[in-house]
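Student: I need the structure of the sequence given here:
(4 chains)
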2 protein chains.
Amino acid sequence: MAAAIGALTLRATRAGLYSRLTSGVQGVDATTYPVLSGLARVGPVTATKLAEAIGMDRTVATRYATRLQEAGLIDRRPDPADARATELVLTAEGERAVTALRGAMESFLAEEMATWPPGEAAAFAMRLEHLTESLVQGEAGRSC
Amino acid sequence: MAAAIGALTLRATRAGLYSRLTSGVQGVDATTYPVLSGLARVGPVTATKLAEAIGMDRTVATRYATRLQEAGLIDRRPDPADARATELVLTAEGERAVTALRGAMESFLAEEMATWPPGEAAAFAMRLEHLTESLVQGEAGRSC
DNA sequence: TATTGTTATACTCTATAACTATA
DNA sequence: TATAGTTATAGAGTATAACAATA
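Tutor: Down below sits the predicted model:
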């Protein structure tokens, strides 16, 4: 179990997964992927809030957002409620990219879980999610 | 499920896990951890073979091995069968460090899995291992 | 000629600090 | 004064290439 977690969190594994997912989509790479998928998950938000949501530094998030904007996948618009804030939103092309990325991930998972007993996938996902939360919380707790 | 995998493979999560594990052990950090634990797993090997085993570049493995050697955790000895090769081995202090690291990981996992139904842990570990293998193999296969 | 170990170099990613504009 | 966004700078990590020694 420890070995499996170790292997899954290896930089090479992570980089391999992301680059495989993004290889078919123009304008996205392993580093900008979390920003794009995060934006798709939480909807239009400011860069600071998005950075918090995906566990990334503000400055990195804004830089990657600029890259994605240059690629035409996301857009910036002023927040009507706060003139300081800028909201990030997916463009139509960005939506298509996200759809493609999700499709690639889902087809991989479907293939992987094809032989699993019914109902196992949900239980596995729940445990994996909880495990990750514990890891993140444990880290956050350490700074207190 | 995709979200759980995404979160687990996030750089921040990985860095957090590794730095938490290694925070109590002198001479090991998040970057040298895979080298040390890999060496403990596969036994005395050359830097090139160790790098392959843990999915890391040869040059990076040798540099991190040097760091670990300077910290007194591993040692280099000539391979009797091949004068070109140098075998990496754990020192007594390195063995103690690995034991401490494994203990930290296992206590975390034990705490996490305390509420799981009996037998679930083994099934979960098996599926997680298989999932990771598929990710790695899929990446390797792409280069052919 | 190929391989091992290593070092040098350049490149990318990340983080700290600082700046501007607005609340 | 504090916060959002951004940019600049420095530091760490990684990968490509090249070297000497040996198979």
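Student: wondering if the longest helix along chain A reaches DNA strand C at all.
Tutor: Within chain A, and with DSSP state H defining each element, the longest helix by residue count is helix A:120-142. No - Helix A:120-142 lies out of reach of DNA strand C by Cβ under 7 Å from any atom of the strand, never closer than 11.6 Å. The way it works is simple: take the backbone N, C-alpha and C, and place the C-beta from them, glycine included.
Student: with adjacent residues omitted, what lies nearest to the most centrally placed residue in chain A?
Tutor: For chain A, the residue sitting closest to the mean C-alpha position, by Cα atoms, centre = their mean, is residue A:34 at 3.2 Å. Here the nearest residue to residue A:34 in space, its sequence neighbours aside, is residue A:54; by Cβ to Cβ, 6 or more residues apart in numbering or on different chains that works out to 5.1 Å.
Student: same check, this time on residue A:121
Tutor: Of all residues beyond its chain neighbours, the one nearest residue A:121 is residue A:113 (5.0 Å), with distances taken as Cβ to Cβ, 6+ apart.
Student: count of neighbours near the one you found?
Tutor: The local packing of residue A:113 (other Cβ atoms under 10 Å in any protein chain shown) involves 16 other residues.
Student: ok, back up a step: wait, the residue nearest to the centre of chain A touches residue A:51, no?
Tutor: No - counting by Cβ atoms under 8 Å, residue A:34 sits too far from residue A:51 to count as a contact (10.1 Å).
Student: so how far is DNA strand C from residue A:31?
Tutor: As defined by Cβ to the nearest atom of the strand, to the nearest Å, residue A:31 lies at a distance of 4 Å from DNA strand C.
Student: could you break chain A into its assigned domains?
Tutor: In the domain annotation for chain A, the residue ranges read A:2-101, A:113-144 (automatic domain parsing).
Student: which among these is found nearest to residue B:61?
Tutor: Among the domains of chain A, domain A:2-101 comes nearest to residue B:61, with 11.6 Å by Cβ to Cβ.
Student: returning to what we had before: what's the pLDDT at the residue nearest to residue A:121?
Tutor: Looking at residue A:113, its pLDDT reads 89.
Student: from residue B:1, how far off is it?
Tutor: Counting by Cβ to Cβ, to the nearest Å, the gap from residue A:113 to residue B:1 is 8 Å.
Student: any common contacting residues for the two?
Tutor: With Cβ atoms under 8 Å, 6 or more residues apart in numbering or on different chains applied, the overlap between the contact sets of residue A:113 and residue B:1 consists of residue A:121.
Student: and the residue nearest to residue A:112 when sequence neighbours are not counted, how many neighbours does it have?
Tutor: Once flanking residues are discounted, residue A:112 sits nearest to residue B:134: 5.5 Å by Cβ to Cβ, 6+ apart. Using other Cβ under 10 Å, residue B:134 has 14 other residues around it.
Student: which SS state does the closest residue to residue A:86 other than its chain neighbours fall under?
Tutor: When the adjacent residues along the chain are set aside, residue A:86 lies closest to residue A:76, with 5.1 Å between them (Cβ to Cβ, 6+ apart). In terms of secondary structure, residue A:76 is strand; the call rests on DSSP: H, G, I helix; E, B strand; the rest coil.
Student: with that, I have no additional questions.
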